[in-house]
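Colleague: Give me a 3D structure for the following:
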Amino acid sequence: MQSIITGGAGFIGSHLTDRLLYNLDFDKIYLIDNLIRTDNLRNINHLLKNDRVEFIESDISKFDFSKFVDRDITHLFHLAAPRINRCAKYNREGHESIANGGFNVVNYCINNRVKLFFSSTASVYQKPKIFPIKEDMACYPHTIYGSGKLYTENLIKSYDNMYGLDYTINRFFSVYGVRMDNSGAYTEVIFNWLKSIKDGNKELTVFGNPDEKVLDLVYVEDVVEAILSTTFNSNKEVFNVSTETGTTLRELIECISKVTGVDIEIDMVADSRTDIEKKRVGDTTKLRSLGWRPEIDLEEGITRTWKWV
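Modeller: Modelled structure (predicted):
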């Protein structure tokens, strides 16, 4: 049994590789990554010492999958995506990167009968007014990133209707933890704030009212468990991955203050951004029906991340 992980050198991809390599029976794991998000191999250097792992530096939208035709590939985990802030700055390039990469991956899985896992996002939903957000709520993305992800979701479902495709889709909410970077539209504050405190700063900048912005923060290891639970225990389904717990930015700062032992001051700045939702909390009834539960609470997750930064 062999697998492919696109975005394998990234934040979530590297943690997934850890889990597949040391806890599941995969003979070979191929990691494909263009290193745009990570710039180097720091997340997977420890993995490359294992001969069951092979790294391929490539853009997934242009990758030639023919090299895998005679391999025993059973699963493909599609995690690759451009930086969210890159999608906002270079709209066409960001959307095309997601769309073309998705088409390439889906085409390979269809032709070779490979089970596909796709990492989508809570950004596919319209700006919600009812919480928690359920999987059957309307999807009207208001960002280029969300539009690209929804395009790939629909592509997967269309190919399944026409040709038959085994797949699982996860819609991640605000993922954070060890090996994260500052490319997320929502969780980048955690990385930036912890790095700022590590550099000796005690004042943190908050865009907008810290009591109004609410995140559903889920630790990366819990996300990996959700990926595995849904991939191996379901088919042709979409799942939210969240904790169902809303955390305001003020509560997040209070937690960071407790973990770091730093008395933090808040510098509140007016927020003119229109693409950032004030509240995002997900419903995980479907995911919990498979036996999944978030195991890492916010304080423990921030503690682990603080030690790593």
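Colleague: I'd like the next helix or strand past the helix or strand bottoming out on mean pLDDT in the chain.
Modeller: Least confident helix or strand, the chain: helix 84-89 with a mean of 54, by mean pLDDT, DSSP states H and E. Next in sequence after helix 84-89, counting helices and strands by DSSP states H and E, comes helix 91-112.
Colleague: Pull the residues that contact that following helix.
Modeller: Contact with helix 91-112 is made by 6, 59-63, 65, 68-69, 73, 76, 78, 80-82, 86-88, 114-116, 118, 144-145, 147-149, 151-152, 155-156, 159, 163, 165-167, as judged by Cβ atoms under 8 Å, 6 or more residues apart in numbering. For glycine as for every other residue, the C-beta is placed from the backbone atoms N, C-alpha and C.
Colleague: With adjacent residues omitted, what lies nearest to Leu249?
Modeller: Pro210 (4.0 Å; Cβ to Cβ, 6 or more residues apart in numbering).
Colleague: And that neighbour, how far from Ile256?
Modeller: As for Pro210, its distance to Ile256 is 12 Å (criterion: Cβ to Cβ, to the nearest Å).
Colleague: Over to Val106?
Modeller: Val106 is 40 Å from Ile256, by Cβ to Cβ.
Colleague: Mind listing what's buried along the regular element (helix or strand) spanning Met162?
Modeller: Assigned by DSSP H and E, Met162 falls within helix 144-163. By neighbour count on 16 or more other Cβ atoms under 10 Å, the buried set for helix 144-163 is 144-153, 155-156, 159-160.
Colleague: same check, this time on stretch 198-216
Modeller: Counting neighbours by 16+ other Cβ under 10 Å, stretch 198-216 gives Leu204, Val206, Phe207, Gly208, Pro210, Lys213, Val214, Leu215, Asp216 as buried.
Colleague: With stretch 98-114 instead?
Modeller: Ile98, Ala99, Asn100, Gly101, Gly102, Asn104, Val105, Val106, Tyr108, Cys109, Ile110, Val114.
Colleague: avg pLDDT for it?
Modeller: The average pLDDT within stretch 98-114 is 93.
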